[in-house]
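Novice: Any chance you can model this:
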Amino acid sequence: MGNSTIAQQKKLLLDDYYLLARKHNIVVKQVNKSIEARKLNLEAEKQSYLPGIDLLAGYQYLSKPLEINLQTVRDGVVEGSSQQNVNTANEIYKELTGNNLPQSAQDRIYSTSKTLINGIYPNYNPPLSRQDYFTAALGIRQPIYLGGKLSTARDIAQNEYDAGNINLEIAQGGVDFALSVNYLRMMYLNSVLKKEDRIIAVFKQNRDRADELVKNELIPPYLRNWTNVSLTQAQTRKNNINLERKNVELEINKLIGAPLDSALNIQDTLRFVKADLTDQSAVNSFWMQNPAFKAIENKTSLAQSTVKASRSLQLPNIFAIGNVNLYQKDLPVTTPPWLIGIEMQWTLFSGFRNTKKVNATKKLVEEAQLAEENTKSFLQTQLQVSRNKLEALTNDISALDTARAQAAITTSMVRERLNNDFATVKDVNDAILMEEEIEKAYYVTVLGYYLALADYFNLLGTPQRITAYIQ
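Specialist: As a prediction, the model looks like this:
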């Protein structure tokens, strides 16, 4: 059953609207999606210490095949080999006869060897690979030491995830506060509407009395017209109040994610109950529970993680690496079937960029810490302002409650005088209008008190506590 159907079928309390908003409010849903994304990112960062295995494949076409340049060493090889043959022959002859090979024989051997070697020595450079070939390999890269970069990345991801939860708390708190305000507005309009119905009934009685007096020629007709004017104005005010109630319904339906045309069964009226704010236990360090302060506190933690990240840029990165060629056909002879090793990368000089980044991130930490102090001071000031406002509104309510009681008595007395022909119907109209204005001022002040109280609890980070005084 949809939330709009539930809202129409039975009377819901403010707590019920809070629950509906948790499930269906579009802003809350949006923030929840953001949290899901941040959570997945955090889980990904927690796995960053695992090795990376890549399938590498490609097609290589060389401008010319890899080759050994034999021609640059041709003379050395011919000369060396010929001389080696002479030395070998001389050693054999010396072993047999005890004498060196005659010089003429050595010259012939040298000349013959040189001619033979020159004849068989390649007159081209043999290739080491084809000019084009395919490659396919598995590459493995395992981080061993990255100067704290992986742990810092996990810390930053954790900060982002925590920030997402704080954003959800801010969104839910904002929706709860908005629901409280609109629920209070609805209660105020119900109270005024109820009073307006009574005023209209009295105006109708006064009009009927005026009709009777005009019929009996006891008052002129123009005095009866005053009663019609007052009645018409009262009915117009009632219609406007009903329209305003529909606007409040639109706001509440939007907050709970219901169709905008859903009818809400909210019939509660405002009743003043003074809040007991003497317990200071909830006020001590209250800012720690305020989502706005939590967001600034998380920003400080994120800035501290950024400092670590900047420092890690100055430290080396060490990886274990490996490579296995899966397709070894036609590979250059210089390419091994597999290899393993250790690789280090260390930026020794970066134009002092990394040092400046570290200093910059330290300043960001100081900025965040000052923001914490500023937010704490702001919240403390706002809380005291709310307490003072509640006290002032309490005094106003007390005075207006007395005034409305006196206005009701006055209206009753003027109506009694009309019945005894000591007052006119206009006197009754004026008395009723004065009573209506005082009643309206009373309920406006009561509404202002509860709005201030809702703001007070919102500053404490517990906006739902307002339900203890209005349900």
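Novice: what about the chain, any weak spots by pLDDT?
Specialist: Counting by pLDDT under 70, the chain contains low-confidence residues at 1-10, 280-282, 471.
Novice: three-state assignment of G322?
Specialist: strand (DSSP: H, G, I helix; E, B strand; the rest coil).
Novice: Write down the beta-bridge partners of the nearest residue to it once chain neighbours are set aside, one by one.
Specialist: When the adjacent residues along the chain are set aside, G322 lies closest to I140, with 4.0 Å between them (C-beta to C-beta, 6 or more residues apart in numbering). Using the backbone N, CA and C atoms, a C-beta is placed for each residue, glycine as well. I140 has these beta-bridge partners by DSSP bridges: I53, G322.
Novice: Any idea how many residues pack against I140?
Specialist: 15 (other C-beta atoms under 10 Å).
Novice: what separates it from L56, distance-wise?
Specialist: I140 is 11 Å from L56, where distance means C-beta to C-beta, to the nearest Å.
Novice: next one: S34
Specialist: Taking C-beta to C-beta, one finds S34 at 36 Å from L56.
Novice: ok, those two, which is more surrounded?
Specialist: Here S34 and L56 are set side by side on neighbour count (other C-beta under 10 Å), and the busier one is S34, at 18 against 13.
Novice: so who does the residue nearest to that one when sequence neighbours are not counted touch?
Specialist: On the basis of C-beta to C-beta, 6+ apart, the spatially nearest residue to S34 that is not a chain neighbour turns out to be G164, at 5.3 Å. When contacts are counted by C-beta atoms under 8 Å, 6 or more residues apart in numbering, G164 is found next to 31, 34-35, 38-39.
Novice: Those residues into TSV, with extra columns for distance to Q328?
Specialist: As requested, those are arranged in TSV below (distance: C-beta to C-beta, whole Å):
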residue	distance to Q328
V31	54
S34	49
I35	49
R38	45
K39	44
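Novice: Just these: which are in helices?
Specialist: 31, 34-35, 38-39 (DSSP state H).
Novice: Tell me the spacing between the residue sitting furthest away from the middle of the chain and L302.
Specialist: The outermost residue of the chain relative to its centre, with distances by C-alpha atoms, centre = their mean, is T97 at 99.4 Å. Counting by C-beta to C-beta, the gap from T97 to L302 is 93 Å.
Novice: show me the contacts for the residue nearest to G322.
Specialist: By C-beta under 8 Å, 6+ apart, I140 lies in contact with 51-54, 320-323.
Novice: Selecting buried members of these in PyMOL, what would you type?
Specialist: In PyMOL, selecting the buried portion of the contacts of I140, with burial taken from 16 or more other C-beta atoms under 10 Å, looks like this:
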select buried, resi 322+323
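Novice: Among the contacts of I140, which one lies nearest to W226?
Specialist: Nearest to W226, judged by C-beta to C-beta, of the contacts of I140 is G52 at 89.2 Å.
Novice: what residues are up against A57?
Specialist: A57 makes contact with 134-137, 327, according to C-beta under 8 Å, 6+ apart.
Novice: what separates the closest residue to E79 other than its chain neighbours from R74, distance-wise?
Specialist: Distances taken as C-beta to C-beta, 6+ apart place K114 nearest to E79, at 7.6 Å, with adjacent residues excluded. If you measure K114 against R74 using C-beta to C-beta, the figure is 12 Å.
Novice: which helices and strands does the host helix or strand of A452 pack with?
Specialist: A452 is part of helix 425-459, with elements assigned from DSSP states H and E. Under the contact criterion of 3 or more C-beta pairs under 8 Å, 6 or more residues apart in numbering; DSSP states H and E, the helices and strands touching helix 425-459 comprise helix 149-215, helix 221-256, helix 353-419, helix 467-470.
Novice: switch to 7 Å and redo it
Specialist: The elements that helix 425-459 packs onto, with contact taken as 3 or more C-beta pairs under 7 Å, 6 or more residues apart in numbering; DSSP states H and E, are helix 149-215, helix 221-256, helix 353-419.
Novice: in the shortest one, what counts as buried?
Specialist: Of the residues in helix 221-256, those scored as buried under the neighbour-count criterion (16+ other C-beta under 10 Å) are 223-224, 226-227, 230-231, 234, 237-238, 241, 244-245, 248-249, 251-256.
Novice: Also stretch 405-418?
Specialist: By neighbour count, and taking 16+ other C-beta under 10 Å as the criterion, the buried residues in stretch 405-418 are 407, 411, 414-415, 418.
Novice: residues in contact with it?
Specialist: Around stretch 405-418, the neighbours that count as contacts under C-beta atoms under 7 Å, 6 or more residues apart in numbering are 209, 423, 425, 427-428, 431-432, 434-435, 438.
Novice: so how far is that stretch from its chain's centroid?
Specialist: A distance of 59 Å separates the centroid of the chain from that of stretch 405-418, by C-alpha atoms, centre = their mean, to the nearest Å.
Novice: Send over it as PDB, restricted to the C-alpha atoms.
Specialist: Listed next in PDB are the C-alpha coordinates belonging to stretch 405-418 (Å, rounded to 0.1, in the frame of the first residue of the first chain):
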ATOM      1  CA  ALA A 405     -10.100  35.600  27.700                       C
ATOM      2  CA  GLN A 406     -11.000  39.200  28.300                       C
ATOM      3  CA  ALA A 407     -12.000  39.700  24.700                       C
ATOM      4  CA  ALA A 408     -14.300  36.600  24.800                       C
ATOM      5  CA  ILE A 409     -15.900  38.000  28.000                       C
ATOM      6  CA  THR A 410     -16.300  41.500  26.300                       C
ATOM      7  CA  THR A 411     -17.900  40.000  23.200                       C
ATOM      8  CA  SER A 412     -20.300  38.000  25.500                       C
ATOM      9  CA  MET A 413     -21.200  41.200  27.400                       C
ATOM     10  CA  VAL A 414     -21.800  43.300  24.200                       C
ATOM     11  CA  ARG A 415     -24.100  40.600  22.800                       C
ATOM     12  CA  GLU A 416     -26.000  40.500  26.000                       C
ATOM     13  CA  ARG A 417     -26.300  44.300  25.800                       C
ATOM     14  CA  LEU A 418     -27.600  44.000  22.200                       C
END
